[in-house]
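Undergrad: I would like to see how this sequence folds:
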Amino acid sequence: MTDETTNVTNGNGVEQQGKKSNTTLIVVIILVVLFIPMILGVFLCGGAALIGIAVPKYSDVSESAKMNACRANMRTLASQEVIYYAEHDCYTESLAELGMSGIVCPECSQSYRITVRGDDLTIECPCGHGSIENGRASWSN
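TA: Model (predicted):
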């Protein structure tokens, strides 16, 4: 480390002799080298903690949304069955006859099971999200 003497002009235009020190630069470098990793570590660990909290919550929300969509599909099928019954005086087990051949459970992508026994109608989810029997849903919400 060397200190250099330099001429510095003050605000009044008068030259003064001053010392220019390299120690300030070295102190700043040391502080940066010491504190930047600590600051980054806090942010990275904090970020990891947030990800650890957010991912399970997203998963729960995603599963809940798929279940709700599945149940909405079953309600739609039940409504279509009521319309079909009014037109044909019977229910059908065929999704194609209901005009709903492409409808599947959002979670497992399998078709719904429709069972007709006389005037009794059951619509079941293949993944276990519930069923509708004679217009009554097996779930409470």
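Undergrad: Could you list the low-pLDDT ranges of the chain?
TA: 1-22, 37-59, 141 (pLDDT under 70).
Undergrad: try 50
TA: For the chain, the stretches flagged by pLDDT under 50 are 1.
Undergrad: can you give me the helices in it?
TA: 23-88 (DSSP state H).
Undergrad: any idea how far Lys66 is from the nearest residue to Asn73 once chain neighbours are set aside?
TA: Computed as C-beta to C-beta, 6 or more residues apart in numbering, the closest residue to Asn73 that is not its neighbour in sequence is Ile103, at 5.5 Å. (C-beta placed from N, C-alpha, C; glycine too.) Relative to Lys66, Ile103 is positioned 14 Å away (C-beta to C-beta, to the nearest Å).
Undergrad: neighbours around the residue nearest to Asn73, how many?
TA: 16 (other C-beta atoms under 10 Å).
Undergrad: That one touches Thr76, doesn't it?
TA: Yes - judged on C-beta atoms under 8 Å, Ile103 makes contact with Thr76 at a distance of 7.3 Å.
Undergrad: tally of neighbours for Val82?
TA: Applying other C-beta under 10 Å, I find that Val82 has 13 neighbouring residues.
Undergrad: And Leu95, by the same measure?
TA: 17.
Undergrad: from what I can see it touches Val104, true?
TA: No - with contact defined as C-beta under 8 Å, Leu95 does not count as touching Val104 (9.3 Å).
Undergrad: Could you name every residue contacting both of those two?
TA: 111-112 (C-beta atoms under 8 Å, 6 or more residues apart in numbering).
Undergrad: just to revisit the earlier point, next up, the contacts around the residue nearest to Asn73.
TA: So Ile103 contacts 73, 76-77, 95, 111-112 (C-beta under 8 Å, 6+ apart).
Undergrad: Of the residues you listed, which is the nearest to Ile29?
TA: Minimum distance to Ile29 across the contacts of Ile103 is 63.6 Å, recorded for Asn73 (C-beta to C-beta).
Undergrad: hang on, the earlier thing: counting neighbours, which of the contacts of Ile103 comes out on top?
TA: Top of these by neighbour count (other C-beta under 10 Å): Tyr112, with 21 neighbours.
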